[in-house]
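Enquirer: Quick one, structure for this:
(3 chains)
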Amino acid sequence: MTSEKILLLDGNSLAYRAFFALPLLSNEHGIHTNAVYGFTLMLQKIMEEENPTHMLVAFDAGKTTFRHSTFGEYKGGRQKTPPELSEQFPYVRKLIDAYGIKRYELEMYEADDIIGTLCKQADEKGQQVIVVSGDKDLTQLATENTTVYITRKGITDIEKYTPEHVEEKYGLTPLQIIDMKGLMGDASDNIPGVPGVGEKTAIKLLKEHGSVENLYQALGSVSGAKLKEKLMANEEQAKMSKVLATIETNAPIEVNVDDLTYNGPNMDEVTSIWKELSFKTLLEKSEHVTEEQTTSEVTFEILDEVKKSILKDKMAIHLEMFNEQYHTSELLGIALYDGEQSYFISGSLAFESADFCEWLGDESRRKYLVDSKAAQAVSRKHNVSLLGADFDLLLAAYIVNPSISSYDVSTMAKEFGNYDVLTDENVYGKGAKKATPNLDKLAEHAIRKAQAVWKLKPTLEKKLEENEQYALYKDIELPLASILGTMESDGVKVDVDVLKEMGVDLNQKLRAIEKDIYTLAGQEFNINSPKQLGVILFEKIGLTPLKKTKTGYSTAADVLEKLESEHEIISHILTYRTLGKLQSTYIEGLTKEIHGKDQKIHTRYQQALTTTGRLSSINPNLQNIPIRLEEGRKIRKAFVPSHPDWVMFAADYSQIELRVLAHMCEDEKLVDAFNHDMDIHTKTAMDVFHVGKEEVTSDMRRAAKAVNFGIVYGISDYGLSQSLNITRKEAATFIDQYLNSFPGVKDYMDDIVREAKHNGYVTTILKRRRYLPEITSSNFNLRSFAERTAMNTPIQGSAADIIKKAMIDMAKRLKDENLQTKMLLQVHDELIFEAPKEEIAILEKIVPEVMEGAIKLIVPLKVEYAYGPSWYDTK
DNA sequence: CTCTACCCT
DNA sequence: ACGACAGGGTAGAGT
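Expert: Now for the predicted structure:
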């Protein structure tokens, strides 16, 4: 016989525990979810750890139980179950059913009694049982075969009561727990016990006499007159209390242990409940663990070569890579699907076929792809240009909803109703275990992706049309993908020697500062460890901690700056941090990313990641190369043109976000300021402080600048007070003054929040959307965040729209003018090119022209540019 | 893997 | 009273 393990759960008790252990969470429909959530977490954890073969969740049925006939006031005076909890019980039950777990309740009996009865049955047969509850009373059920798990604070933290553990904790046997309850009573169940006898006395008495009955027989020998008197006066009550505390082990239940077989969950049902309740974390996790997701079968052919006859005018094609770093990753194979037939060809074999390469480069033969930028980059690596990319699943899904958490094909397919793609993790494994599966499995996986692309195309295109986003998708994102791919493949040249020299210099400086710090601290320690540093500064040296983090003292730069005058060590630490950051992230980090073949860095732009429509840059991130401080800015000297006698040419939009704001809110003064090309921060200072241009001090301008930034981000007095280092009150006054000075801005902010509440989303100039379900939340934080997002996203997102359009226009213009100039980088409001010197003159004309003309606003766009022998010199 | 810190627009 | 300004990426420490 296989070893059986029976898990019995006290549903009511656990739901109560979860409810009070967790904050009152609720989903977007206002249904409270904390008890269900906590219950689920606990359930998941315990099932994973115990692997039970049998399971049951017992519930209390109704208010009256057989115990009430013994004692009418049993459980009297108990608080009514809060409605926020009651409303969750149906979900708990639904969830248990979805998990395929039996549940049971019985008129007149409590969950304890059902559990007790089943325990006894199982125990008699010698079966292993685990009881889970939040109620310590159940520890009386512990036996050699039965362990009782009681939740401690929280819900997943568990204390395991074996008879030994009971003995250890109380010095009693599990059955004596009942006697203990009889003597001491239980306030929560309104069991009286003997007044004046608490846990300590009860245990002492029971150690001596063994049970309530024996105690009363030997009452004479009890020491202490007062105690004896109390016991004597309450004999009946003590005996009744013991009866009340006794869990019934012979309840007339209609289930028996064999009915409780557990066969695993119906994950579809479980996840659909999770979805209903918005359990995002669990949903995400489940995608990683789900083992058997896929259902339908696929038939396919594995080819050794690509024949012309299989290549159609419209095909889904997927290039399966080992990892997402497609510039360096191995191409594992190519899947093709024409709506009927599926093919797979291993590795880069396909590129050996002239027919295939010709088909790939034929614009009139339409390709449907998962990620056209990656596919184009890989093709380019094989010296073929992929043309005719007609559908890009990644981009389409991103435009439809930029908040989707992950853009692997499996997730996207699921999001839009196709469940037939496995996750990459599922196929390859994760972490150190990641490996390419056998050919059949690999082919099937790739083909499922190609098929998903084919099947999802109409769904997504329809959705894009409905949302009036087809143009954004087709005329902006899709062509931009090709341009970005080219920029990535072209890469930017880096002069390693410049980095190396800086590295040596930095290293020297770091060693010196390190020594100073150790001397000042009086000991050596790891300066890079905030924990160790905190101990040194705030315990050893005795500085006053101004701020704390979750885990200890905050040693963040803004905190340390305030302490700078207190001790000499602080400024050294700040310098050490600055230089250390340059060394590790930029000198060492960038050096690692230089490709040996061409001495270039090929970053990857993530085109479907940010919720606002911006790009992001990884491996490495070239959008955060230092500029603010001169020491860091020097890093830019390493970024050079890839040909001698060429220059770096950089152009950036001036105040693009504030111009977008002016366009959208149509505030008279703001629009006017840009139409007259005024210094916007000075102008703001003039209006907010009611002074003339000449009277604006540098502090006033600085404050105005911070307010302008704040406005763009969806301002709060707290945020502004932080950036200006002023009190919240002062910040609030500033904001009020600003909004009074620019009433159009105030109206815009109010309107956009109202619009977001009404539609559930906000949009940018090119109809990019961001959904904000939390805008109606009753949780202050969630709602406030959504409100700020509503104000910020149209501004940041529209600015992103503009530069994306500019990049497309720019690429076309460079081609039309037959220039050699290459667009290399995009840094949100800035484009960086490399150009032969002869082309500088024309760039000076066309770059501003194209960028400023990308999208017409009611205020002009302004572009500034500079060029020089390195990126550093483009200032 | 999470946290802290710090770099950018 | 509480919370605590938008969007990102990377490195190092410590669990």
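Enquirer: worst-scoring helix or strand of chain A, pLDDT-wise?
Expert: helix A:280-289 (a mean of 64; mean pLDDT, DSSP states H and E).
Enquirer: Any chance of the backbone angles for A:Arg365?
Expert: A:Arg365 has phi and psi values of phi -100, psi 110 when expressed as degrees, to the nearest 10.
Enquirer: quick one: contacts for A:Tyr161?
Expert: The neighbourhood of A:Tyr161, defined by CB atoms under 8 Å, 6 or more residues apart in numbering, consists of A:Thr139, A:Ala142, A:Thr147, A:Val148, A:Tyr149, A:Ile150, A:Lys169, A:Pro174. The way it works is simple: take the backbone N, C-alpha and C, and place the C-beta from them, glycine included.
Enquirer: could you dump those to CSV with neighbour count?
Expert: Output for the contacts of A:Tyr161, formatted as CSV (neighbours: other CB atoms under 10 Å):
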residue, neighbour count
A:Thr139, 25
A:Ala142, 25
A:Thr147, 20
A:Val148, 31
A:Tyr149, 22
A:Ile150, 20
A:Lys169, 12
A:Pro174, 21
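Enquirer: now, among the residues you listed, which is nearest to DNA strand C?
Expert: Among the contacts of A:Tyr161, A:Tyr149 lies closest to DNA strand C (CB to the nearest atom of the strand), at 23.1 Å.
Enquirer: part of a helix, is that closest one?
Expert: No: A:Tyr149: not assigned to a helix; according to DSSP: H, G, I helix; E, B strand; the rest coil it is strand.
Enquirer: Okay, and the residue in chain A that DNA strand C sits nearest to sits in which element?
Expert: Nearest to DNA strand C in chain A, going by CB to the nearest atom of the strand, is A:Gly719, at a distance of 2.5 Å. In the assignment (DSSP states H and E), A:Gly719 maps to helix A:717-724.
Enquirer: Mind listing residues that contact that helix?
Expert: Outside helix A:717-724, the residues that reach it (CB under 8 Å, 6+ apart) are A:558, A:702-703, A:706-707, A:709-710, A:713, A:726-732, A:734-735.
Enquirer: from those residues, which would you call buried?
Expert: Buried members of these, counted by 16 or more other CB atoms under 10 Å: A:Ala703, A:Ala706, A:Val707, A:Phe709, A:Gly710, A:Tyr713, A:Ile726, A:Ala731, A:Ala732, A:Phe734, A:Ile735.
Enquirer: okay, the contacts of A:Tyr161 in a markdown table with pLDDT and distance to A:Lys837 next?
Expert: Listed next are the contacts of A:Tyr161 as a markdown table, based on pLDDT from 0 to 100; distance: CB to CB, whole Å:
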| residue | pLDDT | distance to A:Lys837 |
| --- | --- | --- |
| A:Thr139 | 89 | 85 |
| A:Ala142 | 90 | 86 |
| A:Thr147 | 90 | 81 |
| A:Val148 | 90 | 82 |
| A:Tyr149 | 88 | 76 |
| A:Ile150 | 85 | 78 |
| A:Lys169 | 81 | 84 |
| A:Pro174 | 89 | 89 |
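Enquirer: As CSV, those with distance to DNA strand C would be great.
Expert: Shown next, in CSV, are these (distance: CB to the nearest atom of the strand, whole Å):
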residue, distance to DNA strand C
A:Thr139, 29
A:Ala142, 30
A:Thr147, 26
A:Val148, 28
A:Tyr149, 23
A:Ile150, 24
A:Lys169, 26
A:Pro174, 33
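Enquirer: where does the most far-flung residue of chain A relative to its centre fall, helix, sheet strand or coil?
Expert: Distance to the chain centre peaks in chain A at A:Gly220, reaching 67.1 Å (criterion: CA atoms, centre = their mean). Put simply, A:Gly220 is helix when judged by three-state DSSP.
Enquirer: per-residue confidence for it?
Expert: Confidence at A:Gly220, expressed as pLDDT, is 77.
Enquirer: which residues of the stretch 601-750 of chain A fall in helices?
Expert: Per DSSP state H, counting those that start in this stretch, the stretch 601-750 of chain A carries helices over the ranges A:630-633, A:656-665, A:668-675, A:680-689, A:698-713, A:717-724, A:728-741, A:743-759.
Enquirer: and chain A, which of its residues are near DNA strand B?
Expert: Listed as neighbours of DNA strand B in chain A under the rule CB under 7 Å from any atom of the strand: A:431, A:530, A:549-552, A:554-557, A:574, A:577-578, A:581, A:585, A:623-629, A:632, A:827-830.
Enquirer: if you look at the residues you listed, which of them are in helices?
Expert: Assigned to helices by DSSP state H, the following of the residues of chain A next to DNA strand B qualify: A:Pro530, A:Ala557, A:Leu574, A:Arg577, A:Thr578, A:Lys581, A:Gly632.
Enquirer: just checking, the fourth one touches A:Ala557?
Expert: Yes: with contact defined as CB atoms under 8 Å, A:Arg577 and A:Ala557 form a contacting pair (6.9 Å).
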